[in-house]
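Colleague: Sequence first, predicted coordinates after that:
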Amino acid sequence: MWAILKFDKKNLETLKKDLSKILGNDFKFYIPKLLLKKYKNEKIADKEFYLLDDYLFCFHKKISNKNIISALQYSRGLKYFIRGFYQTQPQINNFIKKCKEYENTDGYLSQEFFELNLTSKFKFISGPFANEIFKIIELQEKKIKILIGNLKTTINKKELLFKPI
C-alpha cells in the first residue's frame, strides 16, 4: 500500500533510516522530480526540483496496519502522513504510473508529463524565460507557438520546462 508523507527535505536520509528500523529494508520511496536548467551569472546550472515539493510516496505492505502508522508518525524527518491514503490507492497508483511513464533515463519527468491546452496559462520554470507567464497560441508536434505579453515566439517542447498556473 502507498502512503503519502510530508517530509523535511534536510532529513530525508534520516527518515529512510528510521523507517527501515520499523519496516525493514523492503519499503520503496517515490519522489517525482524535474531537472531544471537555470541561467545564473551567464552560465547554465542544473537544479533538481521535487514536483510535489516536500511530499513523497512510500510503499510497504505493512502500511495498511494502523498500529504501524502510529509507530511511524514520530520518525525523524517525517512531518506527518496525509490522511485518506487508504481510500485513494487507485488514484495514487495511477499518478505514480503516469509519472514513471514520462520519466527519462535519469529518473526526471519530461515536459510531456504536463497536459497542454490552448485555454490555460503557463509559467516557465526553466530557461531564459523562467517565471514568465505565457499563453499557447498553437500546438505542433515538437514545437509550441506562444505569446509572452506582446511577444510571439516558437519554442521546442523538450527544451524548456513550464507548468500550468
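Modeller: Looks like it came in fine.

Colleague: only C-alpha atoms for contact and neighbour calcs from this point on.
Modeller: Noted.

Colleague: Please name the nearest non-neighbouring residue to the spatially most central residue of the chain.
Modeller: Most central in the chain under C-alpha atoms, centre = their mean is residue 51, positioned 2.2 Å from the mean C-alpha point. Closest residue in space to residue 51, ignoring its immediate chain neighbours: residue 33 at 5.1 Å, by C-alpha to C-alpha, 6 or more residues apart in numbering.

Colleague: next one: residue 73
Modeller: The nearest residue in space to residue 73 (C-alpha to C-alpha, 6+ apart) is residue 80, at 6.4 Å.

Colleague: Which other helices and strands does the helix or strand hosting residue 93 contact?
Modeller: Element membership for residue 93 (DSSP states H and E) is helix 89-101. Counting contacts by 3 or more C-alpha pairs under 8 Å, 6 or more residues apart in numbering; DSSP states H and E, helix 89-101 packs against strand 2-7.

Colleague: Now do the strand it packs on: everything it contacts.
Modeller: Surrounding strand 2-7, the residues in contact under the criterion C-alpha atoms under 8 Å, 6 or more residues apart in numbering are 54-60, 63, 77-82, 85-86, 89, 92-93.

Colleague: Tell me the gap between the helix or strand residue 68 falls within and the middle of its chain.
Modeller: Using DSSP H and E, residue 68 falls within helix 66-72. Here helix 66-72 is found 26 Å from its chain centre; the criterion is C-alpha atoms, centre = their mean, to the nearest Å.

Colleague: May I see the buried residues of it?
Modeller: residue 72 (16 or more other C-alpha atoms under 10 Å).

Colleague: returning to what we had before: so the residue nearest to residue 51 touches residue 49, yeah?
Modeller: Yes - contact criterion C-alpha atoms under 8 Å: residue 33 and residue 49 qualify, at 5.6 Å.

Colleague: Have a look at those two and say which one is more surrounded.
Modeller: Using other C-alpha atoms under 10 Å as the criterion, residue 33 and residue 49 rank with residue 33 on top: 18 against 14.

Colleague: quick one, what contacts the closest residue to residue 124 other than its chain neighbours?
Modeller: Spatial nearest neighbour of residue 124, excluding adjacent residues (C-alpha to C-alpha, 6+ apart): residue 162 at 4.1 Å. Counting by C-alpha under 8 Å, 6+ apart, residue 162 touches 111, 122-126.
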